[in-house]
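**Student:** Need coordinates for the following:
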Amino acid sequence: MATTMATITALRAALYAPESHFRTAQSLRWEDEVVRSTLFAETRILLDGKRYLLAMPLDERALRRVERFTPLQRHLNCGVVPRMEILRDEMKYTTASQQERFSDILLEPLTDALPLADALAQIEGKEEAERLLAAIDTLESTLHKAGISHNNLRVENLTISAEGALYPIRWHYATEGVGGDKEALGTLRERVRSTANEELYPREAEQATPMLLNDYSYASEMHEGMIAVENDEGWGFVNYRCEEVIKPQYLWANDFCEGRAEVQTAEGMGLIDRQGNYIIDPIYEAVEWDASDGMARVARDNEWALFDYSGRQLSEWGTPFGGGVERTARERIITIKTNKTAELWNRQNVLSSAADLRVIRLQYTPHAQTSTLCFTRVSSQVVN
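**Tutor:** The predicted structure is shown next:
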């Protein structure tokens, strides 16, 4: 079994009581919601009067690049590179088996700047666009002179100061050597120019996509730049330009959330990433992805197990789910399979109308021989 890493739930618990969970950052003030990237869970904090991005590794590989890059910082004379610090065994947490463990924490100082996405939203013409393009040129020159690559220069990883200077954040993948940001910088320039010209971009896609999706019998709302669609071949995903990203092939597909989406195949349910790669193979009776804690709850042979963001199994198989699976003191999951759609909808209506029950989601697979009402969270009452 893989090493048990700290979870997002463990990080939240520590942030609520920093004095008893952190070794040196006991006086931190938690300022923002915990979110996750591929390898880290992160939030913004205030510590000793300074703002930081606090990142906790969710994978054993998470800090490897940071460990190679942080010594290089000492010799850089580059204002856009923050002085990151790895605090070893900084955060105490308890595993599901009640074992006490410690997690490293990465602190990244933040500048007094706004998200670049805000500046993009305020572009009204050529003049604002040219200022942003000049800022991108300056950033590229600065990184080149320093001989480094950020390797993750997306809009969400850039901030802009009141003076118009760009400051990258999330230096988790930075390396020595130039060239790693060429493609990303080109994409940023295209984004700025297109926004200034009022061309189609994700924030406008909801109005534009209906007329571009005539080839599909169903199209969801956009989530993380991806739209779930259905045609005669099955379910797949297109981007905001309606370009096919993951070809239709599934019996059903859920919307993306934090880079993951549940899918149903003839063999079973699985979990995919944004490239369509299987994170969890589609061989299971049920897969419930919970982006809030970065965990997937997976059912096999009438038993459940936990899997992490990377698809690694974290717990042994257990806990039968036929009549309800206890997730917390107040939540359960019910799975009902039937080949009678009317019966399915009737059961959903019964559950929804009960005062102490709450239906969250109905999973309906139109191409399958059976329909499924699943991932329904209710109160602590057992439903037979």
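**Student:** Where does the prediction get shaky in the stretch 251-384 of the chain?
**Tutor:** 292, 319-384 (pLDDT under 70).
**Student:** Break down it into its strands, ranges please.
**Tutor:** In the stretch 251-384 of the chain, the strands defined using DSSP state E, counting those that start in this stretch lie at 252-253, 261-264, 269-272, 278-284, 286-290, 295-300, 303-307, 318-320, 325-328, 331-338, 371-378.
**Student:** do the stretch 51-200 of the chain as well
**Tutor:** 85-94, 100-109, 114-115, 148-149, 158-160, 166-168, 175-176.
**Student:** same for the last one, what does it pack against?
**Tutor:** Using 3 or more C-beta pairs under 8 Å, 6 or more residues apart in numbering; DSSP states H and E, the elements in contact with strand 175-176 are helix 64-73, strand 148-149. All C-beta spots, glycine's among them, are computed from the backbone N, C-alpha and C.
**Student:** Report the central residue of this structure.
**Tutor:** For the chain, the residue nearest the mean C-alpha position is Glu258 (2.0 Å; C-alpha atoms, centre = their mean).
**Student:** Please tell me how far that one sits from Ala41.
**Tutor:** To Ala41, Glu258 is 10 Å away according to C-beta to C-beta, to the nearest Å.
**Student:** Mutual contacts of those two, please.
**Tutor:** Counting by C-beta atoms under 8 Å, 6 or more residues apart in numbering, the contacts common to Glu258 and Ala41 are 35, 294.
**Student:** picking up where we left off before, which one of the strands of the stretch 51-200 of the chain lies nearest to Ser310?
**Tutor:** Nearest to Ser310, of all the strands of the stretch 51-200 of the chain, is strand 100-109, at 16.3 Å by C-beta to C-beta.
**Student:** can I assume the residue nearest to the centre of the chain is in contact with Arg36?
**Tutor:** Yes: the pair Glu258 / Arg36 is scored as a contact, 5.8 Å apart, by C-beta atoms under 8 Å.
**Student:** what sits in contact with each of those two?
**Tutor:** Overlap of the contact sets of Glu258 and Arg36 (by C-beta under 8 Å, 6+ apart) consists of 291, 294.
**Student:** Averaged pLDDT, the longest helix along the chain. What do you get?
**Tutor:** Ordering each helix of the chain by length in residues (DSSP state H) puts helix 126-146 first. Helix 126-146 carries an average pLDDT of 91.
**Student:** I'd say Asp255 and Glu221 touch.
**Tutor:** Yes: Asp255 lies in contact with Glu221 (C-beta under 8 Å); the separation is 7.3 Å.
**Student:** need the contact list for the residue nearest to Met269 when sequence neighbours are not counted.
**Tutor:** Distance criterion C-beta to C-beta, 6 or more residues apart in numbering; nearest residue to Met269, sequence neighbours excluded, is Val287 at 4.3 Å. If you count contacts by C-beta under 8 Å, 6+ apart, Val287 has them with 262, 269-271, 280, 296-299.
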